[in-house]
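> Structure here, sequence nowhere to be found:
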Ligand SMILES: Nc1ncnc2c1ncn2[C@@H]1O[C@H](COP(=O)(O)OP(=O)(O)OP(=O)(O)O)[C@@H](O)[C@H]1O
C-alpha cells in the first residue's frame, strides 16, 4: 500500500467560538495531488495550515508524515513539509539561486556563516531548471515577476526534499503565460519526483494541473465531497460547493467552468 503522508480524522477548528472547520477527514498518500476547493471563507487556508502543522485542531486528529500534531515538535515536522507562502517576507535583493538555498536553513535571509555543500548547490540548480527558472538564476528577487517569485518559492520549499508540498493559491495574480508556466513546472515536478504528494488550494478550476488526482470540496467549513477527481469534480457537486448552477468541461486533462445557461 502506498505510504500515507497526511491523515486528518474528524477535524474541527473553532475560533472565537465560531466553527471554521467541522468533520473534516482526509488521507493523502505519496504521489497523490490534491486540490482543495471552496468559496471565499470556506476554510481552505485553515485546513492547509493544519496540514502544514501551523494550526492545531480544536477536536480530531491530524497526522503529518506519521506524527500526530500535539505529540511532536512541530518545528521539526515543519522542516519536512514544503509550505509555499505567497507572502514570503523577503526584501533584500538576493539572487534566485540564493533564495532557493534558504530553503535548507529555513530562513528568509541566508544565515551569516552558512555555506552550501556542492551537492546542495547542484540540487538547487536542478530545481531551478525543473521550475523553468534557468535563465533567471542570477536575477535578483525585487526584479522578478510574481510568477517567477512563485516558482522560486516552490523550488525553495523543495530544497529539504519534503515528502509533502502545500500550495496556497499559487496562480493568484499570474497572467496567462505565468499560470501556464506554473502548470508546466508542476507537471515536470510530478514526473521528476513521483513520490511527492501535493495539496493545492484554489478557487479556480482553470488553475488545477492536469495531473491533479484527488479533490476535496469545502463548503462553510464542512467537506461536501472528497476523493478521486472523476467522482468529485462534477458540475453538480461544484454547483453545490459554490452555490451556482455550473457547467464543467475537461480538455486534455484541464478543467474549465462557467455558470450554466438556464433552459
Ligand atoms: N484566527 C482566526 N480567528 C477568527 N476567524 C478566523 C481566523 N482565521 C480564519 N478565520 C475565519 O474562518 C473562515 C475561513 O477562513 P479561511 O481563510 O480558512 O478560508 P478560505 O477558504 O481560505 O478563504 P479565502 O478563499 O477567502 O482565502 C473565514 O470566515 C475567516 O474569517
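That came in fine, so what should we check first? Since this is a predicted model, take the numbers as computed values, not measurements.

> So residue 94 versus residue 157, what's the distance?
To residue 157, residue 94 is 16 Å away according to Cβ to Cβ, to the nearest Å. Backbone N, C-alpha and C define where each C-beta goes, glycine included.

> Now do the helices in the stretch 101-250 of the chain.
Using DSSP state H, counting those that start in this stretch, the helices found in the stretch 101-250 of the chain span residues 118-130, 146-158, 176-192, 229-232, 235-242.

> Relative to residue 8, which of the ones you listed is closest?
Closest of the helices of the stretch 101-250 of the chain to residue 8 is helix 229-232, at 16.4 Å (criterion: Cβ to Cβ).

> Would you mind checking the average pLDDT for that closest one?
Mean per-residue pLDDT for helix 229-232: 96.

> Not counting residues beside it along the chain, what's closest to residue 150?
residue 170 (5.5 Å; Cβ to Cβ, 6 or more residues apart in numbering).

> Please apply the same query to residue 99.
residue 152 (5.3 Å).

> Now do the contacts for that neighbour.
96, 99, 100, 131, 133, 141, 144 (Cβ atoms under 8 Å, 6 or more residues apart in numbering).

> hmm, which two among those are most spread apart?
131 and 141 (14.8 Å).

> Of the two, give the one with the bigger neighbour count.
residue 131 (27 against 18; other Cβ atoms under 10 Å).

> okay, now the residue nearest to the more buried one when sequence neighbours are not counted: neighbour count?
Spatial nearest neighbour of residue 131, excluding adjacent residues (Cβ to Cβ, 6+ apart): residue 151 at 4.2 Å. By the criterion of other Cβ under 10 Å, residue 151 has 29 neighbours.

> All good on my end, thank you.
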